[in-house]
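*Asks:* kindly generate the corresponding structure for this input.
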Amino acid sequence: MNQPVASEPCSLPLRQIVPLSLRLLLLGCLLLSLSAHATTWIVQVGGAGQAYNPQFLTIEPGDRVRFANIGGFHNVVADNGAFRCARGCDGDGQNGNGNATAQLWTATVQFPTAGQFGYFCEPHGAPGQGMFGAITVRGLPPRPVAAGGIGSALALALIVFWVALIRLRARG
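*Replies:* Numbers count the residues shown, from 1 in each chain. Below you'll find the predicted structure:
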């Protein structure tokens, strides 16, 4: 025959609950921050031929593209004039220089919004011809987590946990 077992109030001491709660909060923040990281894609410039590799690339809003000259006299210029890069980018605030050069170089451009962005090499192409490429940024940019999002839900869960624990300890 089964005998009912009397349950005792939570006997976890407060000095163990605080570190556990902080760990849960930290884990939630870490998981939230991991989902917000952008990807950096590599596009090789030049090398054995006068081409970008890959020539066409599809990315997510907020991702970055690092153009890397692996040989030859090249640069990368946006069809719409948004960027002009080689040894840095024109107007980057760091003395960047978008003039074509045979030196090995890398330049990183971030794409925060959806759309299609064509680019070309000034000495060897033009928009849509010769040495050119395009980056397609999918959909809409990720929406920021609002006040009622994951972080707030985790904080609310911790508050409810604390209140329930305090009430249990007060009864026992």
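
*Asks:* now G93: how far from G115?
*Replies:* 24 Å (CB to CB, to the nearest Å). Just so you know, the C-beta spots here come from the backbone N, C-alpha and C atoms, and that holds for glycine as well.

*Asks:* now A157
*Replies:* 39 Å.

*Asks:* cool, and L158?
*Replies:* From L158 to G115 the distance is 40 Å (CB to CB).

*Asks:* between the two, who's got more neighbours?
*Replies:* L158 (16 against 11; other CB atoms under 10 Å).

*Asks:* what's the host helix or strand of the more buried one packed up against?
*Replies:* Using DSSP states H and E, L158 sits in helix 150-171. Counting contacts by 3 or more CB pairs under 8 Å, 6 or more residues apart in numbering; DSSP states H and E, helix 150-171 packs against helix 14-34.

*Asks:* for the record, mean pLDDT for the helix it packs on?
*Replies:* Averaged over helix 14-34, pLDDT sits at 60.

*Asks:* same deal with stretch 108-124?
*Replies:* 96.

*Asks:* could you export that stretch as CSV, CA atoms only?
*Replies:* What follows is stretch 108-124, C-alpha atoms only, in CSV (Å, rounded to 0.1, in the frame of the first residue of the first chain):
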residue,chain,number,x,y,z
THR,A,108,35.2,44.8,-45.1
VAL,A,109,31.8,46.2,-45.9
GLN,A,110,28.7,45.6,-43.8
PHE,A,111,25.2,45.2,-45.3
PRO,A,112,22.6,46.2,-42.8
THR,A,113,19.5,46.3,-45.1
ALA,A,114,17.8,44.0,-47.5
GLY,A,115,18.3,44.5,-51.3
GLN,A,116,20.7,43.7,-54.1
PHE,A,117,24.0,45.4,-54.2
GLY,A,118,26.1,45.2,-57.4
TYR,A,119,29.9,46.0,-57.4
PHE,A,120,32.7,46.0,-59.9
CYS,A,121,36.5,46.6,-60.4
GLU,A,122,37.2,50.0,-61.9
PRO,A,123,40.1,48.9,-64.2
HIS,A,124,38.5,45.7,-65.4
